[in-house]
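>>> below is the sequence, then the predicted model.
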Amino acid sequence: MEKVQLTLIVPILNECSQLPGFFADLSCQQDINLELVICDGGSTDGSLEWLQSQDPDWAALKIIQSSAGRGRQLNSAVEAATGEWLLFLHIDSRFTDPLALRKGLDHLSSTGSENIAGHFALKFRRQDHSLSGGYYFYEWKARLGRPETIHGDQGFFLHRSLLEQVGSFCENLPAMEDTDFAERLRSVGQWQLLPAEISTSARRFETEGLWQRQLLGSLIMCFRTIGWNHFFTMAPGVYRQQLNSEKLLLLPFFQLIRKLLNELPVKERWRIWWQAGCYIRTHAWQLFFAVDARCAFRQGLPVGTGSLKWLNFFEPVYDFLSRNLLGRLAATILLRSWFELTSLWLSRVEKKRVV
């Protein structure tokens with residue numbers, strides 16, 4: 001087989017239903033020599049057996065195994081990869097353009113820098129095909145390339161030398177290890193939007209709830225940024241208890257946060273609230289962006305083509321007024337109040353659900 005131009009890295013766990021579609025989709029990619037490394041985290045649904053029966057003529061297939069955990073699986077797969085260029089994908093990723101991978105590789109190669117990574121324009125595949133302002137908002141936000149808007153479902157396309165600078169995927173996060181990696185990459189390299197679209201299944205959002213999953217992700221990234229690692233020591237236990245639930249229950253996470261904070265001295269407790277408030281202040285731009293997204297959605301414009309006049313006008317004004325002690329204090333107080341009100345609301349919702 002000709003020299004590998006691109007290695008695709010995919011972690012799986014009980015994904016037998018997704019594998020045929022994934023293989024069929026990748027077999028349509030043209031003008032590129034691929035290596036496919038799949039790391040199984042202990043599947044019991046026949047995924048491993050299905051893979052072992054395959055002998056694709058469109059890629060060199062490597063199947064490896066490791067203990068479960070997406071970060072751990074990704075790191076194991078990297079060790080088995082031989083390509084200089086790497087693309088990290090989810091098993092439910094699909095491409096409509098048969099030249100998507102070729103275009104991605106050509107785009108990054110043309111930059112002349114190995115410190116530039118790429119992500120594809122995101123599109124959600126949903127069972128419910130009705131129009132949704134929420135999905136529209138997140139698809140557009142994913143194309144902006146701003147801090148914490150780049151996630152694994154957009155595909156991570158980068159050179160091996162850049163990966164070595166970023167370091168391995170974090171193995172102790174209960175979720176969002178992909179976003180953690182994307183932000184660490186931002187500190188040593190640069191992200192660019194690639195000239196092709198990737199679609200991903202909205203199955204997790206449709207099962208767990210779009211806002212529930214996004215809110216949990218925001219909490220995780222906040223605590224990751226401020227360095228509150230004790231949360232990540234305890235959170236996986238709460239997360240594992242909900243793996244088979246239809247809706248993601250947020251109340252247990254709020255209860256865990258309250259418990260962990262109450263165990264701290266008052267000074268340390270308020271230090272965490274302060275740092276979290278400062279973090280939230282920097283993400284308030286999404287409120288202005290939401291107005292632009294809503295306007296574009298109601299006009300029926302394609303994702304990413306609307307005007308950003310609200311964001312472009314109000315973000316500098318807001319940043320100027322809030323980037324000071326008083327602004328950070330206000331953000332901290334608002335966050336603290338939001339946490340208490342949301343906890344109360346979640347408790348009432350949970351009681352109604354039990355009844």
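That came through fine. Numbering: from 1, shown residues only.
>>> so which elements touch the lengthiest helix in the chain?
Selection of the longest helix in the chain by residue count, based on DSSP state H, yields helix 325-354. Helices and strands in packing contact with helix 325-354 are listed as helix 251-262, helix 266-281, helix 309-322; criterion 3 or more CB pairs under 8 Å, 6 or more residues apart in numbering; DSSP states H and E. In short, each C-beta sits where N, CA and C put it, glycine included.
>>> between it and helix 251-262, how many degrees?
Between helix 325-354 and helix 251-262, the angle formed by their directions is 130 degrees, by axes from the mean of the first three to the mean of the last three CA atoms, to 10 degrees.
>>> now A60: how far from L36?
Separation of A60 from L36 (CB to CB, to the nearest Å) stands at 7 Å.
>>> how far away is the residue lying closest to K3 once chain neighbours are set aside from G118?
Nearest residue to K3 in three dimensions, chain neighbours excluded: N33, at 6.5 Å (CB to CB, 6 or more residues apart in numbering). Counting by CB to CB, the separation of N33 from G118 is 18 Å.
>>> please identify which of these two sits among more neighbours.
Set side by side, N33 and G118 show unequal neighbour counts under other CB atoms under 10 Å, the larger going to G118 at 24 against 14.
>>> helix/strand/coil for the more buried one?
When the structure is reduced to helix, strand and coil (DSSP: H, G, I helix; E, B strand; the rest coil), G118 reads as strand.
>>> what residues does it make contact with?
104, 107-108, 155, 157-158, 191-194 (CB atoms under 8 Å, 6 or more residues apart in numbering).
>>> closest to T342 out of these?
The shortest distance between T342 and any of those, using CB to CB, involves W191 and amounts to 31.2 Å.
>>> hang on, the earlier thing: am I right that the residue nearest to K3 is in contact with D57?
No. Counting by CB atoms under 8 Å, N33 does not reach D57; the two are 11.7 Å apart.
>>> remind me which residues of the stretch 51-200 of the chain are low pLDDT?
With pLDDT under 70 as the threshold, the stretch 51-200 of the chain has low-confidence stretches at 174.
>>> which stretches in it count as strands?
Along the stretch 51-200 of the chain, counting by DSSP state E, counting those that start in this stretch, strands occupy 59-65, 85-88, 94-95, 116-125, 156-159, 190-201.
>>> mind listing what the residue minimising distance to the centre of the chain touches?
For the chain, H151 is the residue whose C-alpha lies nearest the centre (CA atoms, centre = their mean; 2.9 Å). Neighbouring residues of H151 by CB under 8 Å, 6+ apart: 142, 176, 178-179, 182.
>>> rewinding a little: ok, now how distant is the residue nearest to K3 from D128?
Using CB to CB, N33 is found at 38 Å from D128.
>>> ok, G42 next?
Relative to D128, G42 is positioned 32 Å away (CB to CB).
>>> of those two, who's got more company?
When G42 is set against D128 and neighbours are counted by other CB under 10 Å, the residue ahead is G42, at 15 against 9.
>>> L101 against L86, yeah?
No. If you go by CB under 8 Å, L101 and L86 don't touch, sitting 11.9 Å apart.
>>> chain center to stretch 179-197: distance?
With CA atoms, centre = their mean, to the nearest Å as the basis, stretch 179-197 stands 11 Å off its chain's centre.
>>> and the residue nearest to S343 when sequence neighbours are not counted, how many neighbours?
What sits nearest to S343 in space, not counting adjacent residues and going by CB to CB, 6+ apart, is F254, at 4.8 Å. If you count neighbours by other CB under 10 Å, F254 ends up with 20.
>>> with D57 instead?
Applying the criterion other CB under 10 Å, we find 6 residues in the vicinity of D57.
>>> what's the answer for the one 3 residues further on, then?
Neighbours of A60 under the rule other CB under 10 Å: 16.
>>> that one and E139, how far apart?
On the measure of CB to CB, A60 and E139 end up 33 Å apart.
>>> specify which member of the contacts of H151 is nearest to S307.
Here the nearest of these to S307, counting by CB to CB, is A142; it sits at 18.2 Å.
>>> ok, for that closest one, nearest residue in space, not its chain neighbours?
Distance criterion CB to CB, 6+ apart; nearest residue to A142, sequence neighbours excluded, is L122 at 4.1 Å.
>>> wait, the one you found sits on R143?
Yes. With contact defined as CB under 8 Å, L122 counts as touching R143 (6.9 Å).
>>> more crowded one of the two?
More crowded of L122 and R143, by other CB under 10 Å: L122, with 26 against 18.
>>> beta partners of the more buried one?
Taking DSSP bridges, one finds I198 as the beta-bridge partners of L122.
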